[in-house]
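Colleague: Provided below are the primary sequence and the corresponding predicted coordinates.
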Amino acid sequence: MDNVTKLSVLALSIAAALPMSASADLLISEYVEGTGYSKAVEIYNSANSSLDLAGYSVVYYSKGETTPNTILELTGTLPAESIKVITNNHADNAIVLDPAIDAESATIYFNGDDKVGILKDGVLVDILGEVGTTGDWAKDVTMERKAGITTANSSYVASEWSTKATNDFAGLGARSGNFEGGEVPEVPAFSCVGETITPIYSVQGAGPSSPLVPEGEYESVEAVTIKGVVTARGESLQKGFYLQEAVGDGSPYTSDGVFVYLGEKAAEAIQPGVEVCVQGLVQEMYGQTQIAGDATKIEVGAQGEELATTAFYVADGEDLAQALERYEGMHISLDAGSDMKITRNFSFDYSSYRNNMVLSHKAPLMKPTQVHAPLSEAAVALENANRINELYIESDYKAANGQVPYFPDFNAETGYMRIGDQVTNISGVVGYSYGNYRFVVTNEITAGDLIRDNDRTTAPAIATQGDIRVASFNVLNFFNDMVGGDETPNGNRGADTEEEMLLQRAKLVNAITAMNADIVGLMEIANNGYGEMSAIQNLLDALNAELSDEQAYSFIEISDEDKYQGKYIGSDAIAVGILYRAASVTPENAAFVIKTPEQHAAEGVATRGEGETSPAYDKYQRHSLGQTFSIHDEKLTIVVNHLKSKGSGCLEDWLEFSEDKDPADLQGKCNEFRVSAAKVIGEALTDVEGDLLVIGDMNAYGLEDPIRVLTDYDATNDERDIVTASWTTLDGKIYEREGSKIEKGYGLINLNTEAHGPATYSYSYNGELGNLDHALGNASVAERVVAVEDWHINAVESNLFEYSSKYTGDLEKSENAFSASDHDPVILALSYPEPTPEPEPTPKPDDGGSLGYLALSLLSLLGLRRRASLKRSDS
C-alpha cells in the first residue's frame, strides 16, 4: 500500500469515527498561516438566511491528534452570505483589517502541521486538513476556499482549496478575491540600528533562569534585542536557531549562547557563521531559557566564519546539570576531559518519542535498589543524583530506523557503541526539553572516538575455570512457531518471521557455546512442551550440531503428572528450562516443579482514598523448575526461576496510587507478588540436601525485597517491613487473603555480591544498570565457588542488533553473540574435583626376599594404572 493510499484509508477511518455533520451552511472560507504570529481563520455563512452562531466553535487539531482544541466559541448571528474573520490576538500579528470587516480576535496556536475545523455542539461541521496525519502541509501559506464551494464538509477535500503566497492577507473579509481592492499590508523590515543590544550572557545570567524573567512568570516584561553568530539551525526537535556571542564575557558561570524559538524553520539565509540580530521576549519555556523570536524582527547579516566549539567540563563541586546550565544554548564539544560515558544506548525515548542516547558523567548510572535498600536515605539520594546526571544525545531530525545520524558507520561488527564507552570528539548545542538537558549533535563521529572501558570479548573469562560451570540465561522469547513449532497454552511471542527466528537461534547458539557451561538454566523459552517440535528441542538440536559428543547437551523434562494440560510447565506462553551436559553431570531422580502464587482479586475487594473501589486483578507468574545432579557422588540441586515482571500492576500498586507510575520505593510494579513467589520458593527448598543453587531472572534488583527474602532479611534488624501480596492462590487453592509480613529470610547467599560487591549488573533499563539475573546459593555451594561472571554481551549493547527487524530498517544484522538477548548471562565456576584414589598399602618385604616384594609392587602399580585408564574412557 503506497503512502497516499494509507493516508486516504486513515482519513476515511477518522471520518467514520467522527460524528455526522450538524450543518452544511457554516464553512471555513480562508486560512492564513503567515510568518511569526500572523494567523487568521475566515468563516462564511453560505445560507440565504441569518445563522445563529450559538453552539458553534472554531477549533484546531494539533499535529496528529484527533481531539480538537478550541480557538473560539462563537456567539451572536452571522447574516446570510456573510463573512467573519478570527485573527490572532498577539501584539505582533501583522494582519491589519478594514474596520468594516466583521472580525474578532482569539489566541491562535495552529502551525502548518495542524488542522482547522468548525464544530456545532461538539459535532464536526467543516475541516481543513486530514485529521490524524502529521507533516507541514499548510505552513507559511494562505489558503482560500474556491468560490463555487458553498457546502461544508467534515472530510477534507484538497481540490476545494487554492493556495496563495505567504503573508497574503488581502482576501480576508471577501468570499473570494481581495476585500474591496484591499492591499497586502507591508511589514516594515526590522533593523538593529538604534536598538539597545543586550548581551546574550546578560540574558542567560548566572542562575538556573534568566534574571530578565520575573519570578513566577515565564517571560520578560519587555523585549530585548540580541546579536550574535548562528551556531546551528533547529528544524525539527526545536524550530529556530542557536545564537552565540562571538566574544563572551569570559565568565564560566554564564552562557554565551541562547536558542531563538520561531516555531517554524528559520529563513534559509540563517546558517552557521551568519551574524544575526533578533528582537523578542525572554522566555523560560519548560526549563529552557530562550528568545521568543519573530521572523519579522530578525536582521540577517553577512556570512562569516563559524565559531569554534567550547570544550565542556564539569567543575569540582558541581553536578552535571549545574555544568550544563552554564553552557545552555552554546555550541560545545565533548572531549576526553569531559568524561562523559554512555549510560543508555541508542534506543527509543518515550518522552520525546524518538531514538536517542543518554550520557552520564564519569560512570554509567546504577539502579538505586541494586546497591541500596529501597527507600533508604542512600537509595533516595542516588535516585536524585541519577536524575541530574543525564544528558540526552539528540539529532535534530528523528533518526531513520536502524541509523544513528551522527555515527554513519554504526554496525553490528565494528561500529558498535556500548554502555560505559566514553564519547569524545562530538559537537553539539545544548538545549532543554521534555524535562532533560539535550545535546543536539552537529558533527559525525567514528568508532575511534569511543574510548572503551569494557570492550567485547569473544568468550567469558570464566569459560575454562572450575570443574563445572552453571549459567543462567534469559533467551528473550525464543519461539519456533515460525518454523512449524508447537503452540503454547497462551499465544506466541518472539520472532515475526522465519529469518528473524533463525537469526535469534544462531546468536543464542554462539553465546551458549562460548559460555562452555555444563548446566544452563533458561528463561523465556516458548512453553510448547518437549516434543520434536518444541522450542527447547529446536534450540538443543542447533546447539549440538556445533558441539562434539562430549560437549553435547540434553534437556530436563518434567514428569507427566507435573505437566499442565499434559504438556506444559505452567500456563504462561514462556517457561524456564534446563540444559545439561551428560558427560559432566548426571540427573538424579525426577525433576520437580515449584508452582508459584497467582493473584485473583475480584472487582471491589479493596478501597482507597475516599471510598474508590478497586478493579479486578488476575496476575500470574512462571513456575520454577528444579533438578538435582550428581557430580562425582556430590549432589547439586539447580532451581531455575522467572518471577513476575515489573511492567504491569497488581492490586497493591493500585492501593498505592501507582497503577500508572513507578512505585515510590523504585521496586517496580507487583513487588509484593514477587515476594509471595520468593516465600513459596524458599519454603519449598528448606529440606534440600547437598549443594543448592537458585538461579534465574527474578525481576528484582540486588537489594529488592524478593532477593532479601531468599537471602539475609531479618525483620528485627531492618527498618522496612517486607510483605507478600493479598488475594493469592497456590495450585488452585487459597494461599493468602491478606498479605503477610516476612519475619526472616531463607538464608541463601547472593554469590555475585559475595564475589564482586553489590554494584553488579546484567540488565539495563532506562539508563540504569543492575542485576535482575541472580545466582543464590546455600553455604555449602558457596564454598565451591571459583568465580562468578556476568558476561556483558547484551545489557550494554544496542537493542537494534537484536533479532527483531521491526524498527531497524536496513541495518545489517550479525549472528555474533552480542545482543543475543536483552539480559546478560550470569555464569558460575564451581569446584567439584574428581576424587583422588587412595593408594593401596604396600606390603613389607617378607622372608621370601626382595624378589617377592618387587613382584607385589609391580602388580599394585599395574592395577592403579588400569583403574585410571578406565576412568578416562568413561568420562
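Modeller: Received it, and whenever you're ready, just let me know what you need.
Colleague: please report how far residue 29 lies from residue 160.
Modeller: Distance from residue 29 to residue 160, counting by CB to CB, to the nearest Å: 10 Å. Bear in mind the C-beta positions are built from the backbone N, C-alpha and C, glycine included.
Colleague: that should have said residue 399, apologies.
Modeller: 37 Å.
Colleague: next: residue 472.
Modeller: Distance from residue 472 to residue 160, by CB to CB: 64 Å.
Colleague: of these two, who's got more company?
Modeller: residue 472 (32 against 17; other CB atoms under 10 Å).
Colleague: span of stretch 309-328 from start to end?
Modeller: End-to-end distance for stretch 309-328, by CA to CA, to the nearest Å: 13 Å.
Colleague: count the residues that sit near residue 67.
Modeller: 8.
Colleague: scratch that, residue 259
Modeller: Other residues close to residue 259 by other CB under 10 Å number 27.
Colleague: go on, residue 195?
Modeller: 17.
Colleague: please name the residues that touch it.
Modeller: 225, 277, 279 (CB atoms under 8 Å, 6 or more residues apart in numbering).
Colleague: just these now: which is nearest residue 71?
Modeller: Taking CB to CB as the measure, residue 279 is the one of the contacts of residue 195 closest to residue 71, at 27.1 Å.
Colleague: which helices and strands does the helix or strand hosting that closest one pack with?
Modeller: Secondary structure assignment for residue 279, by DSSP states H and E: strand 274-285. Here strand 274-285 touches strand 224-235, strand 239-244, strand 257-261, strand 288-292, strand 298-303, going by 3 or more CB pairs under 8 Å, 6 or more residues apart in numbering; DSSP states H and E.
Colleague: distance from it to the middle of the chain?
Modeller: 34 Å (CA atoms, centre = their mean, to the nearest Å).
Colleague: list the buried residues in it.
Modeller: Neighbour counts over strand 274-285 (16 or more other CB atoms under 10 Å) mark 274, 275, 276, 277, 278, 279, 280, 281, 282, 283, 284 as buried.
Colleague: list the contacts for the closest residue to residue 370 other than its chain neighbours?
Modeller: The shortest distance from residue 370 to any non-neighbouring residue, by CB to CB, 6 or more residues apart in numbering, is to residue 770 (3.5 Å). Residue 770 makes contact with 366, 367, 369, 370, 701, 702, 761, 762, 763 under the criterion CB under 8 Å, 6+ apart.
Colleague: which ones among the residues you listed lie within strands?
Modeller: Of those, the ones assigned to strands by DSSP state E are 366, 763.
Colleague: in the stretch 151-300 of the chain, where is pLDDT below threshold?
Modeller: 178-188 (pLDDT under 70).
Colleague: typed the wrong thing, it's the chain
Modeller: 1-24, 178-188, 843-875.
Colleague: CA atoms only for stretch 667-683 - export them in CSV, please.
Modeller: Output of stretch 667-683 as CSV, limited to C-alpha atoms (Å, rounded to 0.1, in the frame of the first residue of the first chain):
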residue,chain,number,x,y,z
GLN,A,667,11.0,-1.7,43.0
GLY,A,668,8.6,-1.6,40.1
LYS,A,669,5.1,-3.0,40.0
CYS,A,670,3.9,-6.2,41.6
ASN,A,671,6.8,-6.3,44.1
GLU,A,672,4.6,-7.9,46.8
PHE,A,673,3.5,-10.5,44.3
ARG,A,674,7.2,-11.4,43.6
VAL,A,675,7.7,-11.6,47.4
SER,A,676,4.9,-14.1,47.6
ALA,A,677,6.8,-16.2,45.0
ALA,A,678,10.0,-15.9,46.8
LYS,A,679,8.3,-17.1,50.0
VAL,A,680,6.9,-20.1,48.3
ILE,A,681,10.2,-21.0,46.6
GLY,A,682,12.1,-20.5,49.9
GLU,A,683,9.7,-22.8,51.8
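Colleague: enumerate the positions of that stretch that are buried.
Modeller: So stretch 667-683, judged by 16+ other CB under 10 Å, has buried residues 667-682.
Colleague: of all those, which two lie farthest apart?
Modeller: 669 and 682 (21.9 Å).
Colleague: got the angle for the strand holding residue 279 vs strand 239-244?
Modeller: 110 degrees (axes from the mean of the first three to the mean of the last three CA atoms, to 10 degrees).
Colleague: could you number the chain from 853 rather than 1 from now on?
Modeller: Got it, the first residue is 853 from now on, which makes the last one we talked about strand 1126-1137.
Colleague: between strand 1076-1087 and strand 1126-1137, find me the angle.
Modeller: Going by the same axes, to 10 degrees, strand 1126-1137 makes 90 degrees with strand 1076-1087.
Colleague: hey, C-alpha coordinates of strand 1126-1137 in PDB?
Modeller: What follows is strand 1126-1137, C-alpha atoms only, in PDB (Å, rounded to 0.1, in the frame of the first residue of the first chain):
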ATOM      1  CA  VAL A1126      26.000  34.200   9.800                       C
ATOM      2  CA  GLU A1127      25.700  37.200  12.100                       C
ATOM      3  CA  VAL A1128      22.000  37.800  13.100                       C
ATOM      4  CA  CYS A1129      20.300  40.400  15.200                       C
ATOM      5  CA  VAL A1130      16.900  39.500  16.700                       C
ATOM      6  CA  GLN A1131      14.300  41.100  19.000                       C
ATOM      7  CA  GLY A1132      11.900  39.200  21.200                       C
ATOM      8  CA  LEU A1133      10.800  38.400  24.700                       C
ATOM      9  CA  VAL A1134      13.000  36.300  27.000                       C
ATOM     10  CA  GLN A1135      11.100  33.200  28.000                       C
ATOM     11  CA  GLU A1136      11.600  30.400  30.500                       C
ATOM     12  CA  MET A1137       9.900  27.700  28.400                       C
END
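Colleague: and it with strand 1109-1113, angle?
Modeller: Using the same axes, to 10 degrees: strand 1126-1137 against strand 1109-1113 is 80 degrees.
Colleague: do you have the helices of the stretch 853-1002 of the chain handy? List them.
Modeller: In the stretch 853-1002 of the chain, the helices defined using DSSP state H, counting those that start in this stretch lie at 855-869.
Colleague: do a quick rundown of the helices in the protein.
Modeller: Assigned by DSSP state H, the helices in the chain fall at 855-869, 1052-1056, 1172-1178, 1220-1223, 1229-1239, 1350-1367, 1387-1396, 1503-1507, 1523-1536, 1557-1562, 1603-1608, 1631-1634, 1702-1726.
Colleague: other residues contacting the fourth one?
Modeller: Which is helix 1220-1223. Counting by CB under 8 Å, 6+ apart, 1230-1232, 1234-1235, 1238, 1517-1519, 1553-1556, 1610-1613, 1620-1623 sit against helix 1220-1223.
Colleague: just the buried ones from those residues, in PyMOL syntax?
Modeller: Selecting the buried subset of the contacts of helix 1220-1223 in PyMOL, with 16+ other CB under 10 Å as the burial test, is done by:
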select buried, resi 1231+1232+1234+1235+1238+1517+1518+1519+1553+1554+1555+1556+1610+1612+1613+1620+1621+1622+1623
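Colleague: tell me the span between the first and last residue of stretch 1142-1150.
Modeller: 15 Å.
Colleague: mind checking how far it is from the chain centre?
Modeller: Using CA atoms, centre = their mean, the offset of stretch 1142-1150 from its chain centre is 35 Å.
Colleague: same question, stretch 928-941
Modeller: Using CA atoms, centre = their mean, the offset of stretch 928-941 from its chain centre is 48 Å.
Colleague: could you do stretch 1581-1599 as well?
Modeller: With CA atoms, centre = their mean, you get 33 Å for stretch 1581-1599.
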